[in-house]
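Student: one predicted model, sequence on top.
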Amino acid sequence: MRDSIVIIPTYNEIENIESIIRAVFAQAKAFDILVVDDNSPDLTALKVKELQKEFPEQLHLEVRQDKSGLGTAYIHGFKWSLKKAYRYIFEMDADFSHNPKDLVRLYEACAIDGGDLAVGSRYVTGVNVINWPMSRVLMSYMASKYVRMITGMKIHDTTAGFVCYKREVLEALNLDKIKFVGYAFQIEMKFKAYIKHFKIIEVPVIFTDRTKGESKLSSGIISEAIFGVISMKLKSIFKT
């Protein structure tokens with residue numbers, strides 16, 4: 001059995017799913033994949049089931065009945081993966097905004113360089129984002145600055161969704177108490193690991209905006225991230 005699994009949450013990713021699966025499996029290091037699909041109307045899950053015939057040992061699928069948010073999809077995937085013997089558990093988008101070639105670099109940051117958590121960072125060496133409008137680049141960059149100021153974390157890309165966890169990190173966190181479901185989920189996971197003194201390494205990556213399919217970003221997700229951070233920090237202070 002391979003020691004690493006890549007969790008890919010999907011909702012209407014039929015245009016990307018086969019290509020991203022094949023790209024992950026094409027890497028020099030062997031990875032398993034778990035697709036967590038929220039019952040996509042475009043039949044993303046059906047395409048995954050077809051590919052499972054080609055990759056019966058490496059490709060796994062969990063289908064949920066409702067579109068319940070990014071955070072709950074990852075929590076579902078984490079719990080599924082922890083029941084297995086995987087040592088390294090990854091988060092990755094389906095739309096190629098995260099380059100599959102960087103999976104090995106994140107793996108090495110944990111397996112060789114001693115990180116407990118490796119973050120594919122857009123901002124640790126400047127701003128490495130392609131195809132985003134300037135307004136979105138500024139919003140994302142300033143959001144990470146804001147989160148650093150509120151939480152005290154020394155992480156440049158606090159909202160990054162390209163992450164490798166050692167299983168010990170996920171085992172140490174109470175996954176049932178992770179509150180947020182949108183992009184604030186990414187902040188909360190890093191913050192909970194940070195206050196437990198796990199070693200977090202940022203690996204510089206280039207983020208490329210999707211060229212196929214539709215973005216899932218919404219104003220509600222942004223509001224959750226902005227206002228939820230303050231609540232999260234206060235709760236950590238008062239241990240509520």
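Tutor: Everything's here; your move. Numbers count the residues shown, from 1 in each chain.
Student: just give the nearest non-adjacent residue to residue 204, would you?
Tutor: Spatial nearest neighbour of residue 204, excluding adjacent residues (C-beta to C-beta, 6 or more residues apart in numbering): residue 125 at 4.5 Å. Every residue, glycine included, has its C-beta placed from N, CA and C.
Student: quick check: which element contains that neighbour?
Tutor: Taking DSSP states H and E as the criterion, residue 125 maps to no regular element, lying outside all helices and strands.
Student: what's the distance between it and residue 35?
Tutor: Here the distance between residue 125 and residue 35 works out to 31 Å (C-beta to C-beta, to the nearest Å).
Student: more neighbours: which of these two?
Tutor: For the pair residue 125 and residue 35, the greater number of neighbours falls to residue 35 (28 against 11), based on other C-beta atoms under 10 Å.
Student: isn't there a helix covering the more buried one?
Tutor: No. Checked against DSSP: H, G, I helix; E, B strand; the rest coil, residue 35 lies outside a helix; its state is strand.
Student: so where's this protein shaky on pLDDT?
Tutor: Across the chain, the ranges flagged by pLDDT under 70 are 1, 210-227, 230, 238-240.
Student: quick one: the helices in it, in order.
Tutor: Listed in chain order, the helices of the chain (DSSP state H) span 17-25, 44-52, 70-82, 103-111, 134-151, 167-172, 184-195, 219-238.
Student: got the contact list for the first one?
Tutor: When contacts are taken as C-beta atoms under 8 Å, 6 or more residues apart in numbering, the neighbours of helix 17-25 outside the stretch itself are 6, 8, 10, 13, 31, 33, 35, 44, 47-48, 51, 55, 58-59, 92, 94-96, 100, 103.
Student: circling back to that earlier point, surely the residue nearest to residue 204 touches residue 206?
Tutor: No. In this structure, residue 125 is not within contact of residue 206 by C-beta atoms under 8 Å, at 10.0 Å.
Student: rewinding a little: ok, the residue nearest to residue 204 to residue 30 distance?
Tutor: In this view, residue 125 and residue 30 are 29 Å apart by C-beta to C-beta.
Student: got the buried residues for stretch 39-53?
Tutor: Within stretch 39-53, the residues scored as buried using 16 or more other C-beta atoms under 10 Å are 40, 44-45, 47-48, 51-52.
Student: over to stretch 85-103?
Tutor: Across stretch 85-103, burial judged by 16+ other C-beta under 10 Å covers 86, 88-100, 102-103.
Student: as a markdown table, the buried residues of stretch 39-53 with distance to residue 114 would be great.
Tutor: Listed next are those as a markdown table, based on distance: C-beta to C-beta, whole Å:
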| residue | distance to residue 114 |
| --- | --- |
| 40 | 38 |
| 44 | 37 |
| 45 | 37 |
| 47 | 38 |
| 48 | 34 |
| 51 | 35 |
| 52 | 35 |
